[in-house]
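1. sequence below, structure please.
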Amino acid sequence: MTETAWVLERAYRLSAGEVAKVIERMLQAAPLVVESEQEVFTAMVALKEGHGSFADALIGALGIKADPQQRRRR
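-> Next up, the predicted model:
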């Protein structure tokens, strides 16, 4: 999903909001199975709200999933 977001931004020059909409549609597509769907959703929301890149938000969300105590240490 991160590479898809990168290609949409760099190759197709979509804005962050447009990339977020594409990711949201992909998450809603019944035939697609997305690994770590909740974390992808969290990263999509962060991108939509202007809180950095999709990749950075996804890394953060996956880190919190791997170590829930990480959220409390911030």
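
2. in the chain, which residue is closest to the centre?
-> A43 (3.1 Å; Cα atoms, centre = their mean).

3. ok, that residue - contacts?
-> By Cβ atoms under 8 Å, 6 or more residues apart in numbering, the contact list for A43 reads 54-55, 57-58, 60-61. C-beta: built from backbone N, CA, C; applies to glycine.

4. buried set for the strand or helix carrying it?
-> Taking DSSP states H and E as the definition, A43 sits inside helix 37-48. By neighbour count on 16 or more other Cβ atoms under 10 Å, the buried set for helix 37-48 is 39-40, 42-44, 46-48.

5. do stretch 11-28 as well
-> Quick answer for stretch 11-28 (16+ other Cβ under 10 Å): 14, 16, 19-20, 22-23.

6. and G50, helix, strand or coil?
-> coil (DSSP: H, G, I helix; E, B strand; the rest coil).

7. so what's R72 scoring on pLDDT?
-> Note for R72: predicted pLDDT of 60.

8. ugh, wrong one, D67
-> 84.

9. quick check: it vs V34, distance?
-> Distance of D67 to V34, given as Cβ to Cβ, to the nearest Å: 22 Å.

10. could you do P68 as well?
-> Distance from P68 to V34, by Cβ to Cβ: 21 Å.

11. same drill for these two, tell me which one is more crowded.
-> V34 (14 against 9; other Cβ atoms under 10 Å).

12. which stretches of this structure form helices?
-> 2-10, 16-28, 37-48, 54-66, 69-73 (DSSP state H).

13. what are the contacting residues of stretch 17-37?
-> By Cβ under 8 Å, 6+ apart, stretch 17-37 touches 1, 4-5, 8-9, 14, 40-41, 44-45, 47-48, 54, 61-62, 65.

14. okay, it in PDB with CA atoms only?
-> Provided in PDB are the C-alpha atoms of stretch 17-37 (Å, rounded to 0.1, in the frame of the first residue of the first chain):
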ATOM      1  CA  GLY A  17      -6.000  14.300  -0.300                       C
ATOM      2  CA  GLU A  18      -6.500  12.500  -3.600                       C
ATOM      3  CA  VAL A  19      -4.100   9.700  -2.500                       C
ATOM      4  CA  ALA A  20      -6.100   9.300   0.700                       C
ATOM      5  CA  LYS A  21      -9.300   9.000  -1.300                       C
ATOM      6  CA  VAL A  22      -7.800   6.200  -3.400                       C
ATOM      7  CA  ILE A  23      -6.600   4.300  -0.400                       C
ATOM      8  CA  GLU A  24     -10.000   4.700   1.200                       C
ATOM      9  CA  ARG A  25     -11.700   3.300  -1.900                       C
ATOM     10  CA  MET A  26      -9.200   0.400  -1.900                       C
ATOM     11  CA  LEU A  27     -10.000  -0.400   1.700                       C
ATOM     12  CA  GLN A  28     -13.700  -0.400   0.900                       C
ATOM     13  CA  ALA A  29     -13.300  -2.800  -2.100                       C
ATOM     14  CA  ALA A  30     -14.700  -6.100  -1.000                       C
ATOM     15  CA  PRO A  31     -12.400  -8.300  -3.300                       C
ATOM     16  CA  LEU A  32      -9.200  -6.800  -1.700                       C
ATOM     17  CA  VAL A  33      -7.700  -8.200   1.400                       C
ATOM     18  CA  VAL A  34      -5.500  -5.600   3.000                       C
ATOM     19  CA  GLU A  35      -2.900  -6.700   5.600                       C
ATOM     20  CA  SER A  36      -3.000  -4.600   8.700                       C
ATOM     21  CA  GLU A  37      -6.100  -2.900   7.500                       C
END
